[in-house]
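Enquirer: Here is a sequence with its predicted model. Questions after.
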Amino acid sequence: MTGSISSASSGIAAGTQWLAMVAGNVANMNDAATPGTGTYRTQSPVLVPAAGPAQTGAGVAVAGTALGPAAGAQAYAPGNPAANGQGLVTYPTDSLVSQLTSATAAQWMVQSNVAVLRHAVAAYQSLLGPSTNG
């Protein structure tokens, strides 16, 4: 049963990191940059199976961060302080819809692992609790 607690804990940690990345993406999705200087690149976790004694079922780990496209999308915004001489700025290309989809997946990841953790703890408590046999 310790494997289930460890596996669920790793899923909760990975899901929490994923949610933090989504929050950063949403916070920066309207950041304008001068064309040619680079724009904010969306981040998403690279999830891999966790290495453990049994390998299979050891949980999940965040192996790194995948970055979205660097190019961005240009828009005409002559009043923007980041605008170039032609009045163009570059924005990140990710959408709020894709970020909300990622947030939902990460939320499900955390919630399902919390449920596994609760069941594992309940199983341990039933094994360690006082006997109800007469």
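Expert: Okay, I see it. Residues are numbered from 1 along each chain as shown.
Enquirer: List the contacts of G68.
Expert: Applying CB atoms under 8 Å, 6 or more residues apart in numbering, we find G68 in contact with 41-44, 92-94. Quick note: C-beta positions are derived from backbone N, CA and C, even for glycine.
Enquirer: Out of these, which is nearest to L100?
Expert: D94 (11.0 Å; CB to CB).
Enquirer: check contacts around the closest residue to the closest one other than its chain neighbours.
Expert: The spatially closest residue to D94, leaving aside those adjacent along the chain, is T42, at 4.3 Å (CB to CB, 6 or more residues apart in numbering). Contact analysis of T42 by CB under 8 Å, 6+ apart lists 25, 29, 67-68, 92, 94, 99.
Enquirer: Please identify the one among those that lies nearest to V114.
Expert: With CB to CB as the yardstick, the closest approach to V114 among these comes from Q99, at 22.2 Å.
Enquirer: what about the residue nearest to V89 when sequence neighbours are not counted, neighbour count?
Expert: Closest residue in space to V89, ignoring its immediate chain neighbours: A32 at 4.0 Å, by CB to CB, 6+ apart. Per other CB atoms under 10 Å, the neighbour tally for A32 reads 19.
Enquirer: Over to the one 4 residues further on?
Expert: The burial count assigned to G36 is 8, neighbours taken as other CB under 10 Å.
Enquirer: for it, helix, strand, or coil?
Expert: Assigned with DSSP: H, G, I helix; E, B strand; the rest coil, G36 falls in the coil class.
Enquirer: So what does it have for phi and psi?
Expert: phi 90, psi -10 (degrees, to the nearest 10).
Enquirer: Next up, the contacts around it.
Expert: Listed by CB under 8 Å, 6+ apart, the contact set of G36 reads 84, 90.
Enquirer: Could you give the average pLDDT over the helix or strand harbouring M21?
Expert: Here M21, judged by DSSP states H and E, is contained in helix 2-28. For helix 2-28, mean pLDDT rounds to 92.
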